[in-house]
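Enquirer: just need the structure, nothing else, for what follows:
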Amino acid sequence: MSREGRNLIDFAERNDLLSDEEVRKLVLAAGLSGNDRVQSSVRKAVLSKAVESAEYPFDSVHLSGHVELGETFQGQAFSLSEDDLAKHLLAVGQSGSGKTTLFYNLYSQVGRPSWFFDLKQDYRHLIQRDDLLVLPWSEFKFNPLRPPSGVSPRRWAQVFSEIFGYSTALLSGSKNYLLKKLIELYRLYGLFDQVSGPFPSLHELEILVRSDGINYARASADYRDRLLNRLEALNLIAGSVFDCSQGYSIEELLQRDVVFEFDGLSRDVQNLLMEALFAYVYEYRLAQDHRGKGLNHLFFLDEGKQVFSVYKERQDASGIPEIDVLTAKMREFGEGLVVGDQEASKLTDSIKANTHTKVLLTVGDRKQFDAVAGSMDLSRRQMRFASELGVGEAVVRAGNRGPVPVKLDDYELEKDLSDEEIENRMAKEWAELDYTERETTRRFRDKIAPGRTEKVEEPEILEDPEKEVELTKEADCLLKDVIENPFKALTQRYDLFSSRYKGNKAKDELVDKGILFERQVKTGDRKKLLELTDKGREYAENSLELELKHRGRGGVVHRYWQHRIKDAFEEAGWHAFLEKFDADVYVNMGNNELVVEVAMGDNPREIDHIKKHLDTSFTVWIAARNKEVLDGLKKRMNEEGLDTDRVAFRLVRDFSDPENLPV
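Expert: The predicted model follows:
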């Protein structure tokens with residue numbers, strides 16, 4: 001090849017033109033011909049291309065799909081397909097560059113159920129246009145120790161220990177100790193011996209770890225203390241989320257558009273919730289063999305570095321983060337990730353490598369710009385062009401197709417919804433979400449405190465014993481109402497205040513300061529009750545100088561049903577009494593005497609009560625919390641050789657309507 005030919009090649013390469021097939025052919029022809037006229041003509045053509053490329057160094061690319069992002073700088077519509085989104089998308093840009101607007105547009109066009117992990121209350125405002133569920137963490141119930149449908153407890157224990165360790169920065173020794181305690185906890189609940197039953201929560205895991213007798217001369221003491229430190233913090237900050245045996249049905253929520261609002265929680269709690277939900281959905285899809293069926297569902301995460309942190313990825317002692325492994329696997333099951341962030345350099349190599357579509361918006365910092373531009377394989381001229389992007393402009397690259405500058409579509413949305421407005425809109429939907437309260441087993445109770453038969457209460461909140469409780473007047477008002485009217489529904493208590501928002505704020509204050517617990521009662525129109533803690537009782541007696549009395553046994557839900565059953569019989573015309581003849585409810589029907597035991601759980605003490613009543617002439621009824629409890633008690637009676645024909649089994653909800661009293 002002639003010297004002039006080599007000069008043409010060098011010139012074309014410096015100007016990023018060798019990727020152009022037409023330019024390659026011209027340069028090759030000129031170099032081989034040796035003809036001055038031909039070489040001069042080619043030089044002019046290449047120079048013209050270089051000038052054109054300097055202004056717009058991108059090829060025309062046509063992308064087919066119905067998810068429109070905007071227009072190219074050449075006025076062509078630019079769109080992605082659902083298949084592109086199923087392979088994940090990463091958007092990087094500084095605050096105000098248009099990431100959230102891009103996510104709004106993607107969501108509005110996809111037509112598949114989507115979940116938003118929202119850390120800044122950006123996505124609640126979409127309810128002005130779409131039918132979605134906004135779920136603040138204070139209204140969320142999730143038990144991360146309950147395996148997804150079709151997943152064995154043993155497998156889930158391994159998955160969860162990895163997720164927990166990564167999200168809370170535990171190293172391998174502590175993660176192995178966690179796995180050991182999880183297996184022990186599942187055995188205490190009999191979960192390796194039965195298909196279904198109550199599941200322990202993070203509260204029970206904390207209790208079990210705290211009870212562990214450790215020799216502090218051994219390394220295991222350090223593992224135990226590190227794990228206990230994480231569990232105490234999680235349960236202290238977000239104990240209400242984990243206060244359940246079975247939380248809201250994740251399988252049902254997968255059919256809905258949901259905004260999970262995790263703002264206000266610590267970063268460790270946010271990370272655990274997000275990563276456990278990622279893992280839960282993946283394991284559920286895997287167990288149900290939902291692979292190869294196109295896009296099923298989308299995750300939106302606008303603060304990607306919290307979950308996909310490069311610093312945790314580089315901790316060799318921790319091993320490869322489980323979330324990195326999931327990222328690569330999820331696309332096979334139609335679970336797409338749409339991840340955004342301001343700082344690409346802080347994102348894991350995995351999320352940058354495993355996102356099919358990358359969107360580079362305006363980035364103020366050179367380090368962050370280089371991090372994402374490098375992952376998109378932009379040429380020098382393309383990087384120069386991208387560095388001058390304005391707000392709402394981006395360079396997009398989908399798979400192996402060339403990068404394209406796009407003017408992103410706008411999305412008009414007022415961001416003015418307050419917490420009070422969200423609660424007013426969502427209250428009915430929140431009330432319809434179902435969960436099961438925490439239960440323990442006898443084996444668990446005997447492990448923690450041998451011979452103890454009552455339910456293990458919530459773990460003690462560790463606080464400065466010298467610190468006095470200080471409450472607002474609104475919180476004091478609500479607390480007094482709880483003491484005077486223990487069975488009033490939470491929604492009715494809001495009538496005490498000028499607005500629902502103020503009532504809910506007072507409730508949150510009492511719960512956050514450990515004065516009250518929230519409890520759910522499954523009636524025809526599910527209601528929430530409030531129950532005093534030991535700390536709350538002490539405050540009411542000492543600071544408010546109130547006298548505390550209540551009739552009935554156990555917690556507020558048990559006592560609620562005692563009173564409801566008593567009232568139902570009285571409304572039917574009979575005489576009913578609480579705690580008479582050592583029964584939850586005694587009913588005198590004239591020629592017949594009836595005793596009712598309210599069973600909140602399937603445990604041995606209920607059988608002891610039944611035995612005692614069977615030795616009398618009374619008719620015996622068991623009012624069980626749900627069918628699982630009812631069936632479990634029947635099984636226990638058969639194992640004890642008791643006559644089930646002498647006992648009538650009912651569900652507590654049968655007593656909700658006196659007109660349908662199950663007599």
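Enquirer: where does the nearest residue to residue 418 once chain neighbours are set aside sit: helix, strand or coil?
Expert: Of all residues not flanking residue 418 in the chain, residue 501 sits nearest, at 7.3 Å (Cβ to Cβ, 6 or more residues apart in numbering). From N, CA and C alone the C-beta is placed, and that goes for glycine too. State at residue 501, reduced to three classes by DSSP: H, G, I helix; E, B strand; the rest coil: helix.
Enquirer: near residue 501, how many other residues are there?
Expert: Other residues lying near residue 501 total 17 when counted by other Cβ atoms under 10 Å.
Enquirer: likewise for residue 411?
Expert: Residue 411 has 17 nearby residues by other Cβ under 10 Å.
Enquirer: for it, list the residues it contacts.
Expert: 101, 104-105, 108 (Cβ atoms under 8 Å, 6 or more residues apart in numbering).
Enquirer: reformat the residues you listed as a markdown table; add distance to residue 305.
Expert: Compiled in a markdown table, those are given as follows (distance: Cβ to Cβ, whole Å):
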| residue | distance to residue 305 |
| --- | --- |
| 101 | 20 |
| 104 | 21 |
| 105 | 23 |
| 108 | 26 |
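Enquirer: from the residues you listed, pick the one nearest residue 149.
Expert: For the contacts of residue 411, the closest approach to residue 149 (Cβ to Cβ) belongs to residue 108, at 30.5 Å.
Enquirer: confirm residue 397 sits in a strand?
Expert: Yes: using three-state DSSP, the assignment for residue 397 is a strand.
Enquirer: burial check on it, number of neighbours?
Expert: 20.
Enquirer: that one reaches residue 355, doesn't it?
Expert: No: Residue 397 lies out of contact with residue 355 (Cβ atoms under 8 Å); the separation is 10.1 Å.
Enquirer: most neighbours out of the contacts of residue 411, which is it?
Expert: residue 104 (22 neighbours).
Enquirer: can you tell me the closest non-neighbouring residue to that one?
Expert: Per Cβ to Cβ, 6+ apart, closest to residue 104 is residue 411, 4.2 Å.
Enquirer: in three-state terms, label that neighbour for me.
Expert: Going by three-state DSSP: residue 411 is coil.
Enquirer: just checking, next helix/strand downstream of the helix or strand that contains residue 285?
Expert: Per DSSP states H and E: residue 285 is located in helix 267-287. Once the chain leaves helix 267-287, the next helix or strand it forms, by DSSP H and E, is strand 297-301.
Enquirer: tilt between that next one and helix 267-287?
Expert: For strand 297-301 against helix 267-287, the angle by axes from the mean of the first three to the mean of the last three Cα atoms, to 10 degrees is 170 degrees.
Enquirer: against which helices or strands is the helix or strand following strand 297-301 packed?
Expert: Heading C-terminal from strand 297-301, the first helix or strand you meet, by DSSP H and E, is helix 304-307. If contacts are counted by 3 or more Cβ pairs under 8 Å, 6 or more residues apart in numbering; DSSP states H and E, helix 304-307 sits against helix 267-287, strand 335-341.
Enquirer: wouldn't residue 163 be in contact with residue 323 here?
Expert: Yes: in this structure, residue 163 is within contact of residue 323 by Cβ under 8 Å, at 7.4 Å.
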